[in-house]
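Undergrad: whatever this is, show me its structure:
(one chain, ligands or ions: 1)
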Amino acid sequence: MTLSCLTYDPADPEVRRNPFPLYTRLQDEDPVHWSPALRAWVLTRYDDVRQVAMSESMSPDRLRPFYAQLKGERRELLAEVMRYLSLWMVFRDPPEHTRLRRLVGTVFNLKALEALADPVTRVVDQLLDALPTGQPVDWARQVAMPLPAYVILDLLAIPHSDFPDLKAWSDDLRAFIGSARADGDRYARARSGAAGLAGYFRTLIAARRAKPGEDFVSRMIAARDEQGTLSEDELVATCMLVLFAGHETTTHLLGNAVHALLTHPDQLQRLRDDPSLIDSAVEEFLRYDGPSNAIARVVAADHAIEGRQLKAGDRVFGMVNAANRDPRRFDAPQALDLARNPNRHLTFGFGLHFCMGAPLARLEAKLCISRLLQRFGRIERGVGEPEWIDALAMRGVCSLPIQLN
Ligand code: HEM
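TA: The predicted structure is shown next:
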C-alpha cells in the first residue's frame, strides 16, 4: 500500500476493534500523519507523543480558539459549555494551569488518595459479591463501569443513587469532548450536560459550605475560601473535571485489563501463580491497551517534527496507545508481559499535565484485579464479542461478556 492510502480514521470499525496494526504502519511509514478525517496531525512515535504532551510549542488550550471562530446558533449553544470547560486545568497553560493545579493538589494529594484504600475495597467487594458463577456476566457493565463511578462519588460524598443523572450529563459532555464522530446534536447535548453538571455542583457546593464534611468538595471549598485564589465558577468547573476525568478512564482500564488477561491465558496463569506481580501487571495493562488513546493539543508556534511543518493553530493528536507499543522504546512491544520492567508508558500523560488521579486509578485496578483472581478459580470469555467504544480520546469496551467459576 502506498503512503497516500494510509489514513487514520478512528471511526472505522476495524480500527476501533484493533488499531495497533495501523499504528505500527503509521510509525514506520508516516509518523507525523495528516488525517483528513480528523483534519489534524496524528503522531504515533513515543518520543514525538511525549513531546506533544510536554512541549511549549503545543498548547492544551484548544477550546478557546475553536469557540472564537464559531458563529450564530452554534456559538450560543456552546456558551454554557465554554463557561466551565475553559476553566478546566487540563485545557489551560501556565500561569492559570499552575494556580489551578496547585490549589487542587493541596486537597487531592497522594496521602488523601491512599486513604481511599478501605472505601475502594468495600466497593470492589460489593460488586464482586453480586457476580454469579456459571452464568453470563458483562464485566464492563457489571463491574468496570460502576466501580470507578462509585469510588469518585464516595470521594465527593455524593449518594450512589445520584449516579444515573451524573452519568447521563457526563456522557453528553463526552459526545463533545472525546468523540470521533460529528453527531448532529452533539452541541445541544454538550450544553445540557454542562448545565446539568454545573447546576448539580453549584447546589452541592452551597450545601457543603453551609455544612462542611471531610470530603473533597468541602476541603476544596475550605482551601479556596482561605486562599481566595479560585473563583466560584472555577470551583464548580473543577468538581465537574474530577467527576468527568475520574470515572470513565478507570472504567476502561478495568475493562481492557480483563480483556487482555482473557486473550493471554498464560499471563493470567502467571498472575495467579505469583500475585506479587500485581503492581507491574497494572503498569502493563496501562501500557499494553490503555484507556487514553490520544492526547490533544493545538500548535502554539510553527515548528517542524520529523521533517513535517506544523503551523500555529493546527490540531495535533499524540496517540498514546501507539507510543506505548513503539519498538523504538519498548522490547517486544506487542507482547503482554506482566513483569515488564522498565515500563515508562505515557498513559497518564507526561510533564505539566500528568494525571492527578494516577494513584487512585492504580489503586482501583490493583484491588479489583487481585480480588477478582482470588475469588474466582476460572475466568473465561463469555458468549459474544466485546464492544469497543466509538471515541478518539479513549479506548475501551462498553460490553465484555465473561463467565466465572
Ligand atoms: C486509568 C485512569 C486514568 C487515565 C488513563 C488518565 C489519563 C490522564 C491523562 C492522559 C491526562 C493528561 C491529559 C493531557 O495531557 O492533555 C490526565 C489528566 C488529569 N487526570 Fe487523569 N486519568 C485517569 C484517572 C484519573 C482519575 C481517577 C482522576 C481523578 C479522580 C483523574 C484526574 C485528572 C486530572 C484532574 C487531570 C488534569 C491534570 C492537569 O491538567 O494538570 N484522572 N489524566
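Undergrad: got a list of what the residue in the chain positioned nearest to the ligand touches?
TA: Of all residues in the chain, residue 357 sits closest to the ligand, at 2.0 Å by Cβ to the nearest ligand atom. From N, CA and C alone the C-beta is placed, and that goes for glycine too. Contact analysis of residue 357 by Cβ atoms under 8 Å, 6 or more residues apart in numbering lists 108, 113, 242, 245-246, 249-250.
Undergrad: do residue 278 as well
TA: Residue 278 touches 271, 366, 369-370, counting by Cβ under 8 Å, 6+ apart.
Undergrad: most neighbours among those residues, please name it.
TA: Counting neighbours by other Cβ atoms under 10 Å, the top entry in the contacts of residue 278 is residue 369, with 22 neighbours.
Undergrad: and that one, which helix or strand is it part of?
TA: helix 358-375 (DSSP states H and E).
Undergrad: residue 112 too?
TA: Using DSSP H and E, residue 112 falls in helix 110-114.
Undergrad: buried set for that helix?
TA: 112-113 (16 or more other Cβ atoms under 10 Å).
Undergrad: how about stretch 267-286?
TA: The neighbour-count check on stretch 267-286 (16+ other Cβ under 10 Å) flags 267-268, 270-271, 277-278, 280-286 as buried.
Undergrad: ok, now stretch 240-260?
TA: Judged by neighbour count using 16+ other Cβ under 10 Å, the buried positions of stretch 240-260 are 240-260.
Undergrad: ditto for stretch 302-314
TA: Those would be 305, 310, 314, for stretch 302-314 by 16+ other Cβ under 10 Å.
Undergrad: with residue 17 as the reference, measure out to residue 9.
TA: Residue 9 sits 13 Å away from residue 17, going by Cβ to Cβ, to the nearest Å.
Undergrad: residue 355 now?
TA: Taking Cβ to Cβ, one finds residue 355 at 26 Å from residue 17.
Undergrad: more neighbours: those two, which one.
TA: Using other Cβ under 10 Å as the criterion, residue 355 and residue 17 rank with residue 355 on top: 17 against 11.
Undergrad: can you pull the contacts of that one?
TA: Contacts of residue 355 by Cβ under 8 Å, 6+ apart are 245, 348-349, 361.
Undergrad: which SS class is it?
TA: The three-state assignment at residue 355 reads coil, by DSSP: H, G, I helix; E, B strand; the rest coil.
Undergrad: then residue 316?
TA: Going by three-state DSSP: residue 316 is strand.
Undergrad: you'd agree it is up against residue 295?
TA: No: the pair residue 316 / residue 295 is not scored as a contact, 9.0 Å apart, by Cβ atoms under 8 Å.
Undergrad: what ranges do the strands span in the stretch 101-250 of the chain?
TA: With strands called from DSSP state E, counting those that start in this stretch, the stretch 101-250 of the chain shows them at 136-138.
Undergrad: what residues does it put near the ligand?
TA: Residues of the stretch 101-250 of the chain lying close to the ligand by Cβ under 6 Å from any ligand atom are 101, 152, 241-242, 245-246, 249-250.
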